[in-house]
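Novice: structural data only, the sequence is not supplied:
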């Protein structure tokens, strides 16, 4: 009850202070307009005084006609005002906020923008320890998932990454766990806020949360050609608390599935005869996951190969690619399977988006890059790589003297140029080599 009383007092102080500043800032403009005269019948005040629960905590008191509140008669703001420092920044009143109920900290912090996460961790040990709190995880689960971010690797430094936040249009450069010094560690897939890395040099897999640096090295495997692997990742349930699974697939049909619960690799079986071998997999295209099903892109014949991580069922679909197109990449949006590629005709090059028609098993064009953005590619030998393939696409378009990043929103069909990636205190623009998208999650643990 004491915490509730403090919360009432705090809310009352904030509401009155905000109402006064709004009224005081606009009083001159309103007083000069006849249409802005105050109507006493429309004035009401919020009362947070203590009372019985049956009466409720919020009472609306209507003003009386004979007591008209005029601007000249308005009382001043509450005596306790928010202080301002030398930089004109509002400083919270210590006497009020030090009594803020602790059970509301997690509710508020769970709803902070993801970009503030890097700062709030360094406030104190108590706030940093919230990451391992089960109650904090429950609060975060109630918040709507943010839009995907992108974890990328640059040509200049393959052992440190850069994260792009599409909402703020800003690059972040987090401190990552110590990967092998002389290895080539590439992000290949993600699920539930975790990113799976493939170390080609040391032949190993790593799983990491780029926000919290939660890190895990998976049991080593013996794969013939680590540079020719297709890797997919799914969640066992709705969050990483119930585990996740990772699968790698070779062109000869060999594959294994990792289960985070048992921390082991297994071979559930072999490919059925309906899947033609060898698998001419498109390793430029990342694996797409819809629920528990993984989609792999293949050639000869052109089409898709799917694998259900729960039922262990394989399926193959023969789907011809659109003519005059290349650099294809699979994508997914709200359960729809999409295809991204370059459409080249004569000297003109354009990025096109197709959607798979499940009834006819054909690709149907649904959008293409605006002509004004395509003019830059005219007459050039352009190659494209898609960094991420879920809801948002970060497309890397490059030639000998050009490297452009374009963001495409599948749902809204919106094309946006992405600012160049530069290191802190640096002026040199970094060339993006590869990357993947992930949904930032404060509580996902490897």
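Specialist: Ah, there it is. Keep in mind it's a predicted model, so treat the numbers as computed, not measured.
Novice: for the stretch 201-350 of the chain, which spans come out with low pLDDT?
Specialist: In the prediction, the stretch 201-350 of the chain carries residues with pLDDT under 70 at positions 202.
Novice: for residue 327, which non-adjacent residue is spatially closest?
Specialist: Closest residue to residue 327 apart from its sequence neighbours, by CB to CB, 6 or more residues apart in numbering: residue 384 at 4.3 Å. In this view, the C-beta of every residue, glycine as well, is placed from N, C-alpha and C.
Novice: to clarify, my last question referred to residue 370.
Specialist: Among residues not flanking residue 370 along the chain, residue 415 sits closest, at 6.1 Å (CB to CB, 6+ apart).
Novice: list the contacts for that neighbour?
Specialist: Listed by CB atoms under 8 Å, 6 or more residues apart in numbering, the contact set of residue 415 reads 369-370, 373, 406-408.
Novice: cool, and residue 139?
Specialist: 106-107, 110.
Novice: repeat that for residue 298.
Specialist: 279-282, 304-305.
Novice: what about the residue nearest to residue 370, helix or strand, and which?
Specialist: Per DSSP states H and E, residue 415 falls inside strand 414-417.
Novice: ok, back up a step: and the residue nearest to residue 327, how far from residue 285?
Specialist: Using CB to CB, to the nearest Å, residue 384 is found at 11 Å from residue 285.
Novice: find the residues that touch each one of the two.
Specialist: With CB under 8 Å, 6+ apart as the test, residue 384 and residue 285 both reach residue 329.
Novice: find the residue at the geometric middle of this protein.
Specialist: residue 148 (2.3 Å; CA atoms, centre = their mean).
Novice: now that residue: how far from residue 114?
Specialist: Residue 148 sits 11 Å away from residue 114, going by CB to CB.
Novice: enumerate every residue touching the residue nearest to residue 259 when sequence neighbours are not counted.
Specialist: Nearest residue to residue 259, sequence neighbours excluded (CB to CB, 6+ apart): residue 245, at 5.6 Å. Counting by CB under 8 Å, 6+ apart, residue 245 touches 233-236, 257-260, 309.
Novice: now the end-to-end length of stretch 360-380.
Specialist: End-to-end distance of stretch 360-380 (CA to CA, to the nearest Å): 35 Å.
Novice: which residues sit against stretch 343-363?
Specialist: Under the criterion CB under 8 Å, 6+ apart, residues 317-322, 324-326, 336-342, 364-369, 371, 374, 377-380, 382, 384, 395, 397, 406, 408, 410, 413 lie in contact with stretch 343-363.
Novice: please name the residues that touch residue 116.
Specialist: Not one residue lies near residue 116 by CB under 8 Å, 6+ apart.
Novice: for residue 414, same thing?
Specialist: By CB under 8 Å, 6+ apart, the residues touching residue 414 are residue 408.
Novice: repeat that for residue 303.
Specialist: Residue 303 touches 316-319, counting by CB under 8 Å, 6+ apart.
Novice: and residue 246, by the same measure?
Specialist: 189, 196, 205, 207, 218, 231-233, 257-258.
Novice: try residue 379
Specialist: Contact partners of residue 379, counting by CB under 8 Å, 6+ apart, are residue 347.
Novice: surely residue 432 and residue 154 touch.
Specialist: Yes - counting by CB atoms under 8 Å, residue 154 is a contact partner of residue 432 at 6.0 Å.
Novice: now the common contact residues for these two.
Specialist: Counting by CB under 8 Å, 6+ apart, the residues touching both residue 432 and residue 154 are residue 421.
Novice: neighbour-wise, which of those two wins?
Specialist: Taking other CB atoms under 10 Å, residue 432 and residue 154 do not tie; residue 432 has more neighbours (24 against 18).
Novice: next one: that one from residue 153, what distance?
Specialist: Taken as CB to CB, the span from residue 432 to residue 153 is 7 Å.
Novice: what's the answer for residue 105, then?
Specialist: Distance, residue 105 to residue 153, using CB to CB: 36 Å.
Novice: of these two, which one has the most company?
Specialist: When residue 105 and residue 153 are compared for neighbours, residue 153 comes out ahead with 23 against 15, by other CB under 10 Å.
Novice: okay, and that one sits in which element?
Specialist: Going by DSSP H and E, residue 153 is in strand 149-154.
Novice: and that strand, how far from the chain's centre?
Specialist: On the basis of CA atoms, centre = their mean, to the nearest Å, strand 149-154 sits 12 Å off its chain's mean C-alpha point.
Novice: check stretch 101-116 too.
Specialist: Taking CA atoms, centre = their mean, one finds stretch 101-116 lying 18 Å from the centre of the chain it belongs to.
Novice: what mean pLDDT does that stretch get?
Specialist: Averaged over stretch 101-116, pLDDT sits at 75.
Novice: buried sites along it?
Specialist: Of the residues in stretch 101-116, 106, 109-110, 114 count as buried by neighbour count, 16 or more other CB atoms under 10 Å.
Novice: tell me the strands in the stretch 101-250 of the chain, going along the chain?
Specialist: Here the stretch 101-250 of the chain has its strands, by DSSP state E, counting those that start in this stretch, at 149-154, 161-165, 170-172, 185-191, 194-199, 204-208, 215-217, 230-235, 244-249.
Novice: dump the ones you listed to JSON lines, plus distance to residue 223.
Specialist: As requested, the strands of the stretch 101-250 of the chain are arranged in JSON lines below (distance: least, CB to CB, whole Å):
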{"stretch": "strand 149-154", "distance to residue 223": "21"}
{"stretch": "strand 161-165", "distance to residue 223": "23"}
{"stretch": "strand 170-172", "distance to residue 223": "32"}
{"stretch": "strand 185-191", "distance to residue 223": "13"}
{"stretch": "strand 194-199", "distance to residue 223": "10"}
{"stretch": "strand 204-208", "distance to residue 223": "10"}
{"stretch": "strand 215-217", "distance to residue 223": "16"}
{"stretch": "strand 230-235", "distance to residue 223": "11"}
{"stretch": "strand 244-249", "distance to residue 223": "7"}
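Novice: out of the ones you listed, which is closest to residue 179?
Specialist: Of all the strands of the stretch 101-250 of the chain, it is strand 185-191 that lies closest to residue 179, at 4.5 Å by CB to CB.
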